[in-house]
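> let's see this in three dimensions:
(2 chains)
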Amino acid sequence: MVEVSLNYNGTAIRGDHHVVASLVPEGSRVLDIGCGDGGLLALLQAERKVDGRGIELSQQGVNKCVEQGLSAIQGDADTDLEDYPDNAFDVVVMSQTLQATRDPEQVMNELLRIGKQVIISIPNFAHWRNRMQLGLLGHMPVTKYLPYEWYNTPNIHFCSLKDFGSLCDQLNATVEQAIPLNSGGTRINFPAPWKVWNLLANQAVYVLRR
Amino acid sequence: MADETSAPTLHALSIAEVDRPSSQLAKFGVDDPLHLDSGKSIAPWQIAYETYGELNADKSNAVLICHALTGDQYVASNNPVTGKPGWWERMVGPGRPIDTDKYFVLCANVLGGCLGTTGPASINPATGKAYAVSMPVVTIRDMVRAQAKLVDRFGIDTLFAVVGGSMGGMQVLQWAASYPERVFAAVPIATGARHSSQNIAFHEVGRQAIMADPDWCEGAYIAEDKRPLKGLAVARMAAHITYMSDSSLHQKFGRNLQDREDLTFGFDADFQIESYLRHQGMTFVDRFDANSYLYVTRAMDYFDLAAEFGSLPLAFTGTTTRFCVMSFTSDWLFPTSESRNIVKALNAAAANVSFVEVDSDRGHDAFLLDVPEMFSTIRGFITGAARARGIPAPGGAN
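Numbering: from 1, shown residues only, chains lettered A, B, ... in the order given. Alright, predicted model coming up:
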């Protein structure tokens, strides 16, 4: 079941944004990296009363944010995070963006340095549909949730939930919460071990701290 | 001077505006000198300004607009010398992005200017003659100090916003750095935190053109009843080129010839671009004082916020001001990289900053032109800031 609700500006709110918003403490200072046209920032501002900032690679996205009265700058997660001081934000959010960076390990280090807490959502490349397409049909997975062909995808660093967990260990990041989501971005609400989620979840949201 | 019986010339009008401007005027006496970065001070001095809209009861809705090099206080009303409409009427006015139905807008002629604020053409009360080049050199910070004294006169503690492009943007940055607690929101447009070597170079060409004109008379042309028209016109022509992009010049003029079928094999204005620049130079000299041009360009050259504070992030440490930095893709006078430097420093200072690069082929002048993306961005930023400041909308309008 995909929950459809609207932002105050009339745009649809992405399902995973609801989950992320529920994890952000009220009134906190938030940096949203890869903020797009400001959907999550607007939601966080309206529902969690945060002091929010955004970074977005596309200038059109940035302009749309600022037009709505949100704070955003044009910037690149791979190169521009080093400008921020340590612990500059209570929460750093990165939603569905890590897989599109050139150096995810370095980006993760920067997120954990700038944010007291990091909320990050990633697509799970080990979802069973992807495994079927690659393992049985022998081609790179193209799904409704990950609709790109290998030659035009912006997603250059895919991982499974298991892989991401290993990276967190390697970076000494404490995983405070890990929430499996379906393709619509809704929480999957039955208990199972993580091996199962690594097969069934389309994506997951992690709350990290170092 | 002006013929008493016929309509006064533009030049006579502009001379009349120097000491007794048509706009509102704040005077500061000998007991209230303006202390300058040079170590000198001026007293008495005056600052001429225009206002639009109404200041609300708690004085929380004041927007200060800072004008550019050859701009003036007539941001949204007719210039009394040229009769032309305000230079930013698309930005400032009822229902405009900076909405005068909602905000109290203040715009003052800069220190060193020639439309009513003390400058080199003003009469030095000690001598009864124009200051000319005996006026102390002023800086962007001096301009801002003068504006702060005007803002004090209104009893305004915190400006809701300070907005300006080019040299106006420098003043915005200076305001935010010098008086962080007095600036709620800052909008520096098409500007930089310092004047680049290339920009200083262009200004030097202009100043040399003025000073090479024999009618400049070592600066004393007013006393000598002369005017360095040719020098000032050439300065304006050179500067004007830097305000436009190669592509906008090409689209507007190309290699088109001016009122002729063929090249004349002479040095007349064969090309439309030559004719256009000559016109720009000639009309400029009627409304601007040559010594003012020297002083104001010098103020821009001296501007370097990082040098003043040790580093650019230090200029903004601990600031609570929210910033909206804006640049234009085809601006090569203040390219996007200059704005990015400001944004980097603001991020390092953990400031609240938005940055928008607007796609435009109009060059540096884009900030004065009809660029819809600029207006929608500024409107959004100002509206968001007003929400954060809790500015009540008059008449229930939002």
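
> which residues does B:Met374 contact?
B:189, B:326, B:358, B:360, B:366-367 (CB atoms under 8 Å, 6 or more residues apart in numbering or on different chains). C-beta here means a position set from N, CA and C on the backbone, and glycine is covered the same way.

> looking only at pLDDT, what's the mean for the helix or strand where it lies?
Using DSSP states H and E, B:Met374 sits in helix B:372-389. Averaged over helix B:372-389, pLDDT sits at 93.

> pull it out as CSV, backbone CA atoms only.
Output in CSV follows, covering the C-alpha atoms of helix B:372-389 (Å, rounded to 0.1, in the frame of the first residue of the first chain):
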residue,chain,number,x,y,z
PRO,B,372,12.0,36.0,-14.3
GLU,B,373,14.0,33.4,-12.5
MET,B,374,15.7,36.1,-10.4
PHE,B,375,12.4,37.6,-9.4
SER,B,376,10.8,34.2,-8.5
THR,B,377,13.8,33.3,-6.4
ILE,B,378,14.0,36.6,-4.6
ARG,B,379,10.3,36.5,-4.0
GLY,B,380,10.5,33.0,-2.5
PHE,B,381,13.5,33.9,-0.4
ILE,B,382,12.0,37.1,1.0
THR,B,383,8.6,35.5,1.6
GLY,B,384,10.3,32.6,3.5
ALA,B,385,12.4,35.0,5.5
ALA,B,386,9.3,37.1,6.4
ARG,B,387,7.6,33.9,7.6
ALA,B,388,10.6,33.2,9.8
ARG,B,389,10.7,36.8,11.1
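
> now it: how far from the chain's centre is it?
Distance of helix B:372-389 from the chain centroid (CA atoms, centre = their mean, to the nearest Å) equals 21 Å.

> farthest pair in the contacts of B:Met374?
Farthest pair in the contacts of B:Met374 (CB to CB) is B:Ile189 and B:Ser360. Separation: 11.8 Å.

> mind listing what the residue of chain A found nearest chain B touches?
Closest residue of chain A to chain B, CB to the nearest CB: A:Gly69 (2.2 Å). By CB under 8 Å, 6+ apart, the contact set of A:Gly69 is B:380-381, B:383-385, B:387.

> what ranges does chain A have for its strands?
If DSSP state E is used as the criterion, the strands of chain A fall at A:29-33, A:51-56, A:71-74, A:89-95, A:115-123, A:174-181, A:203-209.

> okay if I get these as JSON lines plus mean pLDDT, mean neighbour count and distance to chain B?
Formatted as JSON lines, those follow (pLDDT from 0 to 100; neighbours: other CB atoms under 10 Å in any protein chain shown; distance: least, CB to the nearest CB, whole Å):
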{"stretch": "strand A:29-33", "mean pLDDT": "96", "mean neighbour count": "26", "distance to chain B": "9"}
{"stretch": "strand A:51-56", "mean pLDDT": "94", "mean neighbour count": "26", "distance to chain B": "7"}
{"stretch": "strand A:71-74", "mean pLDDT": "93", "mean neighbour count": "27", "distance to chain B": "4"}
{"stretch": "strand A:89-95", "mean pLDDT": "96", "mean neighbour count": "24", "distance to chain B": "8"}
{"stretch": "strand A:115-123", "mean pLDDT": "96", "mean neighbour count": "23", "distance to chain B": "12"}
{"stretch": "strand A:174-181", "mean pLDDT": "95", "mean neighbour count": "16", "distance to chain B": "24"}
{"stretch": "strand A:203-209", "mean pLDDT": "96", "mean neighbour count": "20", "distance to chain B": "19"}
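
> so for B:Ile189 and B:Ser360, which sits in the more crowded spot?
Neighbours were counted for B:Ile189 and for B:Ser360 using other CB atoms under 10 Å in any protein chain shown; B:Ile189 has more, 29 against 21.

> ok, for that one, nearest residue in space, not its chain neighbours?
Computed as CB to CB, 6 or more residues apart in numbering or on different chains, the closest residue to B:Ile189 that is not its neighbour in sequence is B:Gly165, at 4.0 Å.

> what distance do you get for the one you found to B:Trp88?
8 Å (CB to CB, to the nearest Å).

> name the residues contacting each of the two.
Overlap of the contact sets of B:Gly165 and B:Trp88 (by CB under 8 Å, 6+ apart) consists of B:Leu368.

> pick out whichever of these two has more residues nearby.
Comparing B:Gly165 with B:Trp88 by other CB under 10 Å, the one with more neighbours is B:Gly165, at 29 against 26.

> so what's the more buried one up against?
By CB under 8 Å, 6+ apart, B:Gly165 lies in contact with B:68, B:189-191, B:367-368.

> swap in 10 Å and give it another go.
Shown in contact with B:Gly165 (CB atoms under 10 Å, 6 or more residues apart in numbering or on different chains): B:65-68, B:71, B:88, B:91, B:172, B:187-191, B:326, B:328, B:334, B:364-368, B:374.

> go on, A:Ala126?
A:Ala126 touches A:134, A:158-163, A:197-201, counting by CB under 10 Å, 6+ apart.

> out of those residues, what pair is the most spread apart?
A:Leu134 and A:Trp197, at 18.8 Å, using CB to CB across those.

> that older thread, so which of the contacts of B:Met374 comes closest to chain A?
Comparing the contacts of B:Met374 against chain A with CB to the nearest CB picks out B:Val358 as the nearest, at 7.7 Å.

> for chain A, which residues are neighbours of chain B?
A:29, A:31, A:45, A:51-55, A:59-60, A:62-75, A:80-85, A:87-89, A:114 (CB under 10 Å from any CB of the partner chain).

> who's in contact with whichever residue of the stretch 251-398 of chain B sits closest to chain A?
The minimum distance from the stretch 251-398 of chain B to chain A, using CB to the nearest CB, falls at B:Gly384 (2.2 Å). Shown in contact with B:Gly384 (CB under 10 Å, 6+ apart): A:45, A:65-71, B:185, B:322, B:324, B:354.

> brilliant, that's me finished.
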